[in-house]
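Participant: predicted model follows, preceded by the sequence.
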Amino acid sequence: ALFSPQGGVGCTTLATNLAIAARLNSNKKVALMDCNLQFGDVGLFLNLQSGKTVVDLVSMIDDLDPELVEDVMLPHSSGIRVLLAPLRPEMADLVTADHVRRILTMMRQTFDLIFVDTWPFLHEITLVYLEICDRLLLVATQEIPTVKNVKQFMDVLEAIEFPMTKLALVLNRVDPRAGIDPLDIERSIQHPFTGQIAANWQLATYAANRGMPFVMSNRD
């Protein structure tokens, strides 16, 4: 699960590119689920358009099986399969935490790797991701409001006794001109970064606008 308590830090860019990279570098069966249920953009980032979304599974939740779930998911040219968010923001209310749990549990029977792009809210559905994920990628950037929110979210993780061995803290859009050193952020958050990703606004924006993730168009 990829999460940040601050919107706009690049979770969808990371989720789409990580899922495709995992597929391109292995023979594993990879799924990507868009759980930004109000304003999900995974379909745009992958140039996928369809009327099929997670809401279709909600309407058949008591009859779910792996084949039904996979039928609602969309195939991408990279080889991954994608479960899109609802088409309209108000439809997010149709999807409950129990629905998400049951859908992900069913997906686990079919897929080797499941990447979940999430929304920046503490919500009942968020607690489902935290409970069942094998790895939580917590995304930060070099902005003070983001660092503050990530630090507060780390306090929440501690309060709910989240296993920190499952946490991977990622610093996205690293820029030496940002005015705040990554080491200072680590000291503030009191947790080391698992990875740091250099800022490349032009490449990331161009890839998003084309609907072609850069691990496919610019693999170097």
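Facilitator: Looks like it arrived, so ask away. Numbering: from 1, shown residues only.
Participant: pull the longest strand from the chain.
Facilitator: Counting by DSSP state E, the longest strand found in the chain is strand 167-174.
Participant: now that strand: buried residues?
Facilitator: Neighbour-count burial for strand 167-174, counted by 16 or more other C-beta atoms under 10 Å, picks out 167, 169-173. Any C-beta I mention is one placed from the backbone N, CA and C, and that applies to glycine too.
Participant: which residues are in contact with the biggest helix by length in the chain?
Facilitator: The longest helix of the chain (DSSP state H) is helix 144-159. Identification of contacts with helix 144-159 by C-beta atoms under 8 Å, 6 or more residues apart in numbering yields 3-6, 9, 122, 130, 138, 140, 164, 167, 169, 180, 185, 188-191.
Participant: can you check stretch 117-124 too?
Facilitator: With C-beta under 8 Å, 6+ apart as the criterion, stretch 117-124 contacts 1-7, 11-12, 15-16, 32-40, 42, 96-97, 126, 129, 153, 156.
Participant: try stretch 107-116
Facilitator: Applying C-beta under 8 Å, 6+ apart, the set of residues contacting stretch 107-116 is 1-2, 15, 18-19, 22, 28-33, 35, 66, 69-70, 81, 83, 104, 129, 133.
Participant: and it, how far out from the chain's middle?
Facilitator: 13 Å (C-alpha atoms, centre = their mean, to the nearest Å).
Participant: just the CA atoms of that stretch, as PDB, please.
Facilitator: Taking Å, rounded to 0.1, in the frame of the first residue of the first chain, the C-alpha atoms of stretch 107-116 are listed here in PDB:
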ATOM      1  CA  MET A 107      -7.300 -10.700  -5.300                       C
ATOM      2  CA  ARG A 108      -4.600 -12.400  -3.200                       C
ATOM      3  CA  GLN A 109      -5.800 -15.700  -4.500                       C
ATOM      4  CA  THR A 110      -5.000 -14.700  -8.000                       C
ATOM      5  CA  PHE A 111      -2.100 -12.200  -7.900                       C
ATOM      6  CA  ASP A 112       1.500 -12.500  -6.700                       C
ATOM      7  CA  LEU A 113       1.800  -8.800  -6.100                       C
ATOM      8  CA  ILE A 114      -0.900  -6.200  -5.400                       C
ATOM      9  CA  PHE A 115      -0.100  -2.500  -5.300                       C
ATOM     10  CA  VAL A 116      -2.800  -0.200  -3.700                       C
END
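Participant: now that stretch: buried residues?
Facilitator: Neighbour-count burial for stretch 107-116 flags 107, 110-111, 113-116 (criterion: 16+ other C-beta under 10 Å).
Participant: for the residue lying closest to Leu18 once chain neighbours are set aside, helix, strand, or coil?
Facilitator: In space, and not counting its chain neighbours, Leu18 is closest to Phe115: 5.9 Å by C-beta to C-beta, 6 or more residues apart in numbering. In three-state terms, and counting by DSSP: H, G, I helix; E, B strand; the rest coil, Phe115 is strand.
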